Each structure stands twice: as structure tokens, then as C-alpha cells.
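Novice: give the three-dimensional model of this entry:
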Amino acid sequence: TGVVEVVPGMAAIALFSQARLASPGESPDASLAFVIETTGATIVVSGTIFSLGDELRVQAEITDVVGGRVVVALEPVHGPLDDPLAVLEEVRGMIMGVLVHSRSTTVDPALLSKPPTFEAYQEYLLGVENFGGDNLASMSHFQRGSELDPDFIEPLLWIAVLHGHLGDQAAAMATITSLDENRERLSPFERRLLDWLMASFEGNHLRELAAAREILALAPGWGPARYITARAAMAVNRPQEAIGVLSGHGLPSHAPKGSSFYWGWILNADARHMFEDYASELDLVGRSIELFPEVLSFRGRQAGALIALGRVDEALTVVDEVLSTAGRGGNPGTVMLTVSRELRAHGHRDEGLAMARRAVRWFESHPPAERSAGRWREDLAEAYYDAEEWAASHELWSELEAEDPGNEIALGWLGVLAARLGDRDLARRLS
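Specialist: Residues are numbered from 1 along each chain as shown. Next comes the predicted model:
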């Protein structure tokens, strides 16, 4: 796999035989200890192979020699006695899955109900890598991972999250319900993940935070545990907790192109902004831009921190620079909206209104094909609102809600607009 350096099998057998011949009266464990000491091995795969009738059975376990503990005892694998290679290949895939999982994530394999096969875990890693960049590709990899190993739970949790991101709430809930119906198959760690996911989809942020804290306690070194705990803390207005959870943890120094691994940095910056620690926010965003120069969301946060610190001219320069920057994770229009809101929040109403109108012009200047995308239209509808063009915003949000009846985002904005336009009864009904 390239994840671990493996002692060649014949070399290990030769050393074991050498030890047995040198000390025939000692136990096999003593001979194994000689092999470990000679090779410098830190992980040992051992087990038993036996036949029962016309069936071959293999029971393997993986031991952390340094920590002095069994990492995982694999479920017995059995198959036809006349096809031993097929049985050994299945065991090999399970062992590789445990090793690659233990080296590429800080979730202890012992926390899982069943460690994944190597092939399934490779698909899972590709799904994580594409998440947030190419969600359709991400979905395909997670589905393939689940097909290769139906007992591997993590891809199913990500599939539910992706269905939510892609707007298919029914499919998301169907996946969650299926997992909940088989809750007894899950490990305590996986049950907490499911509880967190259910609370997140239900919008119960206190339960979401409670489940996330339990996940973090079980897997404190796992980056996603810190992210979901901080995200839930932010949802219940606890930015200081979010900062404490994220600071120095879960913030990778690099990420594959197109990945969403920068989200932890964004959440950390947002928590500092909410806590009004604008100087440390600006410092964090500066480091984020060095690591992820193509992510435009950071430029909006950079400008927001500058405005909060009274450096408005520098913030406006950031906007001008973004107009000539190609990137992802936002666009110049959304950066302008961030700046517009920060200007208003810090006493610069007229400048904020002018920036919102500039954002409207930027969105409207693009070709109709580009402007027809759902997310683009939502951004334009928000720009109309911030520019105080209430009627135009209302018209666009109404179109979006008609295309997707019950869309809570659209209904929320329509309620706010109803209040703005003086229709309190409609605002209350939508509420």
C-alpha cells in the first residue's frame, strides 16, 4: 500500500526458524520476539489457520508492539479448502484496510464496528478528497466504497451529508433512517456519529453539540470531530468554545487541489470574528491565504477583519484585487456581499449600500446561462436584498421557492422580505 514498510514474509520466516533452531526449548512467543527485535517491527500480524471439514478458516489479529495492545482482532474468514488463495486474499484485504485506516486517520480502528477492506477505504479517501470540490464525484466514490464493503459505515454517513448538500433531503433521511434501523450493528463511536447527523438534519443544535462533544472525547485526534464540534458550538453562539476546539488542531498545512479541507480554517476565522477578536482573525486569515490562495472566501473574511479594525481603505483594495482573481470557494460577488455587511455593521451604511449595489451589477453582468444556476440566483437575491431592492429580491426568492416548494432558505428570506414590505401577517405565517 505504501503506507507501511513491510518485512518480507520469507525473511520473517527465516528469522523465526533461526530462533527456533537456536533455542528449541523456548516458546514460539520468544522466537517471535526475536523477529520483532531484529527487524524493528512496530506492528505484528499474527493468527491461526485451520481446516474444518472441507472448509479453511483464518483468524488474524493486528498488534501494536510499541503500545503493547491488540489494535484489532479481525472477524474469522472462511472459504473452500480447495481454494486457499481466495481466503487468504480476503484476509489480506482486511489487514490492508486496517493498516491504511490506522495510518491515514487518527480514528482508532478499534472504535469501528468493523475495519474496512483496503479497496473500500481507498474509495472512501477519494470521496473525502473530492468533498466540497466535486460533490458528484465524491458521492460516486462513497457509494463505491459502500458497495465494496457493505459493513463500512463511514461512507454511508458522508452519503447522507452529500444528499443534504445536493438538496435531496428525502434521500438523506432515507440513508439516516436505514442506519438507525440497524443501530445495534454500530459501535458506540458510530452511534454517536449517527446521533450527530440526525440532530444536524433536525436542526437541534444542542443535541448536535452534545453528540459532537462525545465524538471528540472518543477520538480527540480526529480532525472532523473538532470541526463538527466547533460548528455545533457556533450554532448555539459559543464562539469561544469553537476557538478552543479548533486552535492548533484539525488545520492541515496542505490539501489536495479541489478539496474542502480548508473549512476548518474558515470556521476558526468566523469564530474569532464572532468573538470580536479581529486581530487574531486577520492573522489566521493571512496564513489561510498563503495555504489556500485560490479560496476566495478567505479574502472576504480578510476584508471583514480589516473593516472591523477600522482599516476600510485596505478592505476596499482587497475587493479590487479579487475582481481579477480566479478561484473557488466563493466569487467576487460574494466577497462584495461580505464587505457590504461588515461596512454596515461598523457604521458605514452608505458605503455598505454602495458595495451591495456593486455586487448586484457584478452578478447581473454575467451571461444568462451562468446566472440561471440555483446558487448564483440565491446570491443575486441576497445582493438585491442588501442593496435594498426589496421587490427584485422578493421576485427572485419567489421563483426559487416555486421551483422547490418548501425550500426553507427561500421561505425564510420571503418572511424577512414580507416584514420589510410591511406585511406582518405573512411574515408571521411564514415564521
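Novice: give me the buried positions along stretch 412-427.
Specialist: 413-418, 427 (16 or more other CB atoms under 10 Å). Quick note: C-beta positions are derived from backbone N, CA and C, even for glycine.
Novice: so which of those is the closest to F118?
Specialist: Distance to F118 across those (CB to CB) is lowest for W413, with 46.8 Å.
Novice: returning to that earlier point: in helices, which of the buried residues of stretch 412-427 fall?
Specialist: Among the buried residues of stretch 412-427, the subset assigned to helices under DSSP state H consists of 413-418, 427.
Novice: so what's the residue lying closest to R358 once chain neighbours are set aside scoring on pLDDT?
Specialist: Spatially, and ignoring its direct neighbours in sequence, R358 is nearest to M336 (5.7 Å; CB to CB, 6 or more residues apart in numbering). Note for M336: predicted pLDDT of 96.
Novice: if we can go back for a sec, adding distance to G133 and pLDDT, write the ones in helices among the buried residues of stretch 412-427 out as TSV.
Specialist: Formatted as TSV, these follow (distance: CB to CB, whole Å; pLDDT from 0 to 100):
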residue	distance to G133	pLDDT
W413	27	94
L414	31	94
G415	33	94
V416	31	94
L417	33	94
A418	37	93
A427	38	90
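Novice: for the stretch 251-400 of the chain, just list every one of the helices.
Specialist: With helices called from DSSP state H, counting those that start in this stretch, the stretch 251-400 of the chain shows them at 263-274, 278-291, 297-308, 312-322, 332-345, 349-364, 368-371, 374-386, 390-403.
Novice: just those: most buried one?
Specialist: helix 297-308 (a mean of 26; mean count of other CB atoms under 10 Å).
Novice: how about that one as PDB, C-alpha atoms only?
Specialist: The C-alpha coordinates for helix 297-308 follow below in PDB (Å, rounded to 0.1, in the frame of the first residue of the first chain):
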ATOM      1  CA  SER A 297     -13.900  33.100   0.900                       C
ATOM      2  CA  PHE A 298     -10.800  34.000   2.800                       C
ATOM      3  CA  ARG A 299     -10.500  37.300   1.000                       C
ATOM      4  CA  GLY A 300     -14.000  38.200   2.200                       C
ATOM      5  CA  ARG A 301     -13.000  37.400   5.700                       C
ATOM      6  CA  GLN A 302      -9.800  39.300   5.400                       C
ATOM      7  CA  ALA A 303     -11.700  42.400   4.200                       C
ATOM      8  CA  GLY A 304     -14.200  41.900   7.100                       C
ATOM      9  CA  ALA A 305     -11.500  41.800   9.700                       C
ATOM     10  CA  LEU A 306      -9.800  44.900   8.200                       C
ATOM     11  CA  ILE A 307     -13.100  46.900   8.400                       C
ATOM     12  CA  ALA A 308     -13.700  45.800  12.000                       C
END
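Novice: let's have the chain start at 49 instead
Specialist: From this message on, residue numbering opens at 49, which makes the last subject helix 345-356.
Novice: report the angle between that helix and helix 380-393.
Specialist: Counting by axes from the mean of the first three to the mean of the last three CA atoms, to 10 degrees, helix 345-356 lies at 20 degrees to helix 380-393.
Novice: before we move on, the earlier item: surely the residue nearest to R406 touches W410?
Specialist: Yes: using CB atoms under 8 Å, M384 is in contact with W410, at 6.5 Å.
Novice: for the residue nearest to R406, give me its contacts.
Specialist: Residues near M384 by CB atoms under 8 Å, 6 or more residues apart in numbering: 367, 403-404, 406-407, 410, 431.
Novice: if you set the cut-off to 10 Å instead, what comes out?
Specialist: 348, 351, 367, 370-371, 403-411, 431, 434 (CB atoms under 10 Å, 6 or more residues apart in numbering).
Novice: for those, which one is nearest A70?
Specialist: Nearest member of the contacts of M384 to A70, counting by CB to CB, is G348, at 69.2 Å.
Novice: residue contacts, the closest residue in space to the closest one that isn't next to it in sequence?
Specialist: Take G348 and drop its neighbours on the chain: the residue closest to it by CB to CB, 6+ apart is T386, 3.5 Å away. Each residue near T386 by CB under 10 Å, 6+ apart is listed here: 344-345, 347-352, 355, 363, 367, 378, 403, 407.
Novice: try E436
Specialist: 401, 404-405, 468.
Novice: tell me the phi and psi of the residue nearest to P132 when sequence neighbours are not counted?
Specialist: Leaving aside its chain neighbours, P132 sits nearest to L104 (5.5 Å; criterion: CB to CB, 6+ apart). Note on L104: its backbone torsions stand at phi -100, psi 130 [degrees, to the nearest 10].
Novice: and what of the one 4 residues further on?
Specialist: As for A108, its main-chain torsions (degrees, to the nearest 10) stand at phi -120, psi 150.
Novice: which residue in the contacts of M384 has the weakest pLDDT?
Specialist: L371 (89).
Novice: count of residues packed around E324?
Specialist: 9 (other CB atoms under 10 Å).
Novice: name the nearest residue to it, ignoring sequence neighbours.
Specialist: With CB to CB, 6+ apart, the residue lying closest to E324 is A356, at 7.6 Å.
Novice: where does the one you found land on pLDDT?
Specialist: 97.
Novice: what's near enough to touch it?
Specialist: 321, 324-327, 329-330, 363, 390, 393-394.
Novice: do you know how far it is from Q350?
Specialist: From A356 across to Q350, the span is 11 Å (CB to CB, to the nearest Å).
Novice: what do the two both touch?
Specialist: In contact with both A356 and Q350: 329-330, 363, using CB under 10 Å, 6+ apart.
Novice: can you list those in CSV and add pLDDT?
Specialist: Compiled in CSV, the shared contacts of A356 and Q350 are given as follows (pLDDT from 0 to 100):
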residue, pLDDT
E329, 95
L330, 96
A363, 96
